[in-house]
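Undergrad: next input, structure requested:
(chains A and B)
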Amino acid sequence: MAILITPETKILVQGITGDFGGRHARLSLDYGTKVVAGVTPGKGGQVFEHEKHRVPIFNSVHDAVAATGVTVSVVFVPPPFAGDAILEGVDAGLDLVVAITEGIPVRDMIRVKRAIAGSKTRLLGPNCPGVVTPGTGPQSTGGCRIGIAPGYIHRKGHVGVVSRSGTLTYEAVYQLTTRNIGQSTCVGIGGDPVNGTSHLDVIRMFNADPETHGIILIGEIGGNAEVEAARWIKTNVRKPVAGFIAGATAPAGRRMGHAGAIVGGAEDTAAAKIAVFKECGIEVAATPSDMADALLRAAKAKGITLT
Amino acid sequence: MNIHEYQAKALFEKYGVPVPKGAPAKTHEEFVTALAQLPEGPTMVKSQIHAGGRGKGTFTNGFKGGVKFCKTKAEARDVAAKMLGNTLVTVQTGPAGRKVQTVYFTTASDIKKEYYLAILLDRASSRPVIVASTEGGMEIEKVAHETPEKIFKVLVDPAYGLADFQVRQLITGLGLNAAEAKGAAKLIRNLYGMFWETDAAMIEVNPLITTPSGEVLALDAKVSFDSNALFRHPEISALRDLNEEDPKEIEASKFNLSYIALDGNIACLVNGAGLAMSTMDIIKHYGGNPANFLDVGGGATKEQVVAAFKIILGDANVKGIFVNIFGGIMDCNVIATGIVDAVREVGLKLPLVVRLEGNNVAAGKATLGSSGLTIVSGDTMADAAQKIVKLVA
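TA: Got it, this is the predicted structure:
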């Protein structure tokens, strides 16, 4: 098992005919992921070809669902149209929509988030690297790669990674893999202030997943999501957890690349979040180079061997 | 994107949010035409810069106060002459201050009581929140810390917008009387309408005032917009004032680079916002001081790397450079070639430490190694950070 997706999950790519969407659809196919449909309005009936693969393109998500039974989509649609693309996936009753697009207006996401409430669809992102459940093939191929993460750095195993940042996720995954420790699922929740899935949502899933034996929680300045997750961990999680918070040196009031990474008050500084992590029994990585080792320390303290 | 108070007040008027009568001036000649639009009598002169603390600020020419009350229009004109073209230093500008390029004249209002009103995003609920307080004219952070019971909030459901009962809650919370309530209700509704329609990131009115005659007015206005939504508001994009932005940040944005200047001496060039932030952190962790935040993004090109080097070297404080790239998908050799080109093109004399990891990393390291340039290689982030801190010390 894993969370959110398994190597058998079939996926749909919204925006498959764009440069960005097409490139990552090819990389996912190379990884062994079951990309079964593409959607680009007006291009229905065409075929997305890559080596031996022939992926049918549909005009709408509804058409793609009706023809293929697909339940998960990834959105590479440009920002002005991305909110609408997510809503289309929700209306078609998908289980999971992963929004990669960076730069969606906040107002659009406020509406999307409201529309999703009460629906069966889970949204991951936007402005996120996506989600990877590694496979058992060479360089973890045969897994399910949704989004833009490099598949080859993964290794199948039992550590769950959750982060707002793409490159920091890769950093953590790479540290684990080079120490021969594999991952169950690696989840990027995205760097925007309004997103579909929170740190806490993912932590709950990792906690319930028997294949996940340890967790790395990577956060950053801004908002309250890491603190919320940490408090839940304190009372509910017995698995070893390591944490890192980026942005200790960021000045207040300046947005650090991610729209959500901005210090507003005393509670959303890195120092405040790190203090809560420590109080909640999370092993804090002193630097980003220390993330995998921090988890190993946490596991050792609980007498758990991670693989 | 931030705008000036006078621009925000013009938008307020457009959306039916009452403000004191006012007029901006960018030259001494315009003082006359601007003041001619106001009635004779007490007048405020307000320096227009994108920073708070204007009232308590000091000009570098010694003149005190970036916001002044004047008894007559003639006095307002003399005071404006001392502000325009001069540099105002406030708690938010840093010691360099900001040059005042516009002054704003407004009719001074009779104030019965001051309140606080703001609209912004509540991240926890992913909804717009209206924040109000009976303690206007002070720092809201201070009110929140000392008397949190005097701040109250209303969350707006985006499915049906601001409801009438919520407007009544706000008015009751502020303790407004029946005469004031009608004007306040209209003001709150229109302000929310502006927030939603213009894709504002934040609207802050501090103070909102009542007058002895029962009027409710926005005496100040601080407005910022969601940069990602400007594509659908060309009239708001046109309000951008490049004079208020760091020229290096403007240059960076032309190359799709995200750059923010800091006050240290180790420049960083990184891919990804989270990694860029933590690169600054790790420099600090090992006793150094980062000179900037710089994210070249996920698909950096050679041209972007060269542009990034030029921008970070435009900061005279920089004594060394730390390049930290995790090229998951992007080819490390492309980055390495960009680094070598950039170093040659700018004739770099400062120490440079490069940590490359990821796709095609062996070829990238070979390119750096065979370049004949003095480039120190770091194996991990920690190793590279310690090396650059040592080289700069």
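
Undergrad: for the rest of this, base every contact and every neighbour count on C-alpha atoms.
TA: Fine.

Undergrad: for the stretch 151-300 of chain A, what spans make up the helices?
TA: A:166-178, A:199-208, A:225-236, A:270-279, A:291-301 (DSSP state H, counting those that start in this stretch).

Undergrad: then stretch B:193-211 to PDB, C-alphas only?
TA: Taking C-alpha atoms only, stretch B:193-211 is exported to PDB below (Å, rounded to 0.1, in the frame of the first residue of the first chain):
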ATOM      1  CA  GLY B 193     -17.300  44.500  -3.300                       C
ATOM      2  CA  MET B 194     -14.000  46.200  -4.300                       C
ATOM      3  CA  PHE B 195     -11.900  43.600  -2.500                       C
ATOM      4  CA  TRP B 196     -13.600  40.800  -4.400                       C
ATOM      5  CA  GLU B 197     -13.900  42.400  -7.800                       C
ATOM      6  CA  THR B 198     -10.400  43.800  -8.000                       C
ATOM      7  CA  ASP B 199      -8.600  40.600  -6.700                       C
ATOM      8  CA  ALA B 200      -7.200  42.600  -3.800                       C
ATOM      9  CA  ALA B 201      -4.900  40.800  -1.500                       C
ATOM     10  CA  MET B 202      -5.500  43.200   1.400                       C
ATOM     11  CA  ILE B 203      -7.500  46.400   2.100                       C
ATOM     12  CA  GLU B 204      -6.700  48.100   5.400                       C
ATOM     13  CA  VAL B 205      -8.500  51.200   6.600                       C
ATOM     14  CA  ASN B 206      -6.800  52.600   9.700                       C
ATOM     15  CA  PRO B 207      -8.400  54.700  10.800                       C
ATOM     16  CA  LEU B 208     -12.000  54.500   9.700                       C
ATOM     17  CA  ILE B 209     -13.700  57.400  11.400                       C
ATOM     18  CA  THR B 210     -17.000  58.800  12.400                       C
ATOM     19  CA  THR B 211     -17.600  62.600  12.400                       C
END
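
Undergrad: now the residue nearest to the spatial centre of chain A: how far from chain B?
TA: Chain A has residue A:188 as the residue nearest its centroid, 2.5 Å off, counting by CA atoms, centre = their mean. Look at residue A:188 and chain B: by CA to the nearest CA, to the nearest Å, they are 12 Å apart.

Undergrad: kindly provide the distance from that residue to residue A:161.
TA: Computed as CA to CA, to the nearest Å, the residue A:188 to residue A:161 distance reads 8 Å.

Undergrad: which one of the helices of the stretch 151-300 of chain A lies closest to chain B?
TA: helix A:166-178 (5.4 Å; CA to the nearest CA).

Undergrad: buried residues, the closest one. List them.
TA: Of the residues in helix A:166-178, A:166-177 count as buried by neighbour count, 16 or more other CA atoms under 10 Å in any protein chain shown.

Undergrad: got the angle for that helix vs helix A:291-301?
TA: Comparing the axes of helix A:166-178 and helix A:291-301 via axes from the mean of the first three to the mean of the last three CA atoms, to 10 degrees yields an angle of 50 degrees.

Undergrad: where does the chain have low pLDDT?
TA: Just so you know, I chose chain A. A:1, A:259, A:264 (pLDDT under 70).

Undergrad: actually chain B
TA: Using pLDDT under 70, chain B has no residue that qualifies.

Undergrad: so what touches the helix ranked longest in chain B?
TA: Determined from DSSP state H, the single longest helix within chain B is helix B:178-197. Outside helix B:178-197, the residues within contact range by CA atoms under 8 Å, 6 or more residues apart in numbering or on different chains are A:107, B:12, B:15-18, B:119, B:162, B:167-168, B:171, B:200-203, B:210, B:214-216.

Undergrad: can you flag which of those belong to strands?
TA: Within the contacts of helix B:178-197, residues falling in strands by DSSP state E are B:119, B:200-203, B:210, B:216.

Undergrad: as a markdown table, these with neighbour count and distance to residue B:314 would be great.
TA: Formatted as a markdown table, the ones in strands among the contacts of helix B:178-197 follow (neighbours: other CA atoms under 10 Å in any protein chain shown; distance: CA to CA, whole Å):
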| residue | neighbour count | distance to residue B:314 |
| --- | --- | --- |
| B:119 | 26 | 38 |
| B:200 | 24 | 33 |
| B:201 | 22 | 31 |
| B:202 | 19 | 32 |
| B:203 | 21 | 34 |
| B:210 | 23 | 49 |
| B:216 | 29 | 48 |
